[in-house]
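J.: Here is the input, now give the coordinates:
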Amino acid sequence: MKIASENIKEKGAKDESLGTPVWIEPMALSEDESKKLSFSIPRKPKGVFLLQKISECLFLNGNQDIVLLIRTIYNKEEQVYYDSRVGNFIGVTVVGKFLAKHWNDDTAYLEHVKGMLETFCKSNYNLVKKPLMERKVIPTITIRPLKAVIQEHPNLLMCVTSGFYPQSINVTLLKNGGEVTHDIASSGVIPNGDWTYQITLLMEFIPQKEDVYSCKVEHSSLKEPMIMDWKYPGAKLSK
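T.: Numbers count the residues shown, from 1 in each chain. Prediction:
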């Protein structure tokens, strides 16, 4: 599970008369400015640029292992990040390495960031545990051929399992009650964008009137596996 907070700042405006966009260059610090960080902008940047600071809490093995990540990104390029497993900032770009050194040398600030593992991550765990960790949504299943069914003509059988939460799920295809393990392609689990997921399985098969194909779904929202059957059109399903 992950908690994330994002602080985004946009600056600049489109104006063809303005100069070329320039990353803010760091200046040398004087002894009296050891606790400050000064920047120099050679000229007003052209267009819009984006500076992001993203803080993430990763909860692994329930809440046994908690990781705090703080990432600073400029125009989609990561500059510097903090990883609680390491305990300090790590620079990625030239500017990022400058910032990492400055923040790592600032003992008070570094201790404040380290403390966020408790004040930001652990303190928010109980707030999100119930709506996220205990949230369960039952999946829906659709099973059908992709092409018009003609007996003894090769076809593709599609099983779509959608709308489920959490992400972990087990979907299998059956033929006459036995698991099919060959000639199957899977989309993998894909997010729907609404805090639910979907997965699609495709299987090559040759339709026969006597065969019954099934999509079997096992998920934490279900008390027992959910099974949806498909049989050759006009044939009766046995009970």
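J.: Where do the helices of this structure begin and end?
T.: For the chain, the helices defined by DSSP state H occupy 94-105, 107-116, 123-128.
J.: For the first one, what is the distance to the chain centroid?
T.: What that stands for is helix 94-105. 28 Å (CA atoms, centre = their mean, to the nearest Å).
J.: In it, which of the residues would be classed as buried?
T.: Val95, Gly96, Phe98, Leu99, Ala100, His102, Trp103, Asn104 (16 or more other CB atoms under 10 Å). (Glycine included, C-beta is placed from N, CA and C.)
J.: which residue is nearest the middle of this structure?
T.: Centroid-nearest residue in the chain, with CA atoms, centre = their mean: Pro191, separated by 8.3 Å.
J.: burial count for the nearest residue to that residue once chain neighbours are set aside?
T.: Residue nearest to Pro191 in three dimensions, not counting chain neighbours: Tyr197, with 5.7 Å by CB to CB, 6 or more residues apart in numbering. Tyr197 is flanked by 22 other residues according to other CB atoms under 10 Å.
J.: Contacts only, for Tyr197.
T.: Ser162, Phe164, Tyr165, Gln167, Ile169, Val189, Ile190, Pro191 (CB atoms under 8 Å, 6 or more residues apart in numbering).
J.: repeat that with 6 Å
T.: For Tyr197, the contact set (CB atoms under 6 Å, 6 or more residues apart in numbering) comprises Phe164, Gln167, Val189, Pro191.
J.: For Gly188, see how far away the first one is.
T.: Using CB to CB, to the nearest Å, we find Phe164 at a distance of 14 Å from Gly188.
J.: ok, the nearest residue to Phe89 once chain neighbours are set aside - contacts?
T.: Nearest residue to Phe89 in three dimensions, chain neighbours excluded: Ala100, at 4.0 Å (CB to CB, 6+ apart). The contact partners of Ala100, taken as CB under 6 Å, 6+ apart, are Val80, Phe89, Ile90, Gly91.
J.: Okay, Ala100 and Tyr81: tell me how far apart.
T.: Distance of Ala100 to Tyr81, given as CB to CB: 9 Å.
J.: shared neighbours, those two?
T.: Ile90.
J.: Skipping its backbone neighbours, what lies nearest Thr172 in space?
T.: Nearest to Thr172 is Lys216, by CB to CB, 6+ apart, at 4.8 Å.
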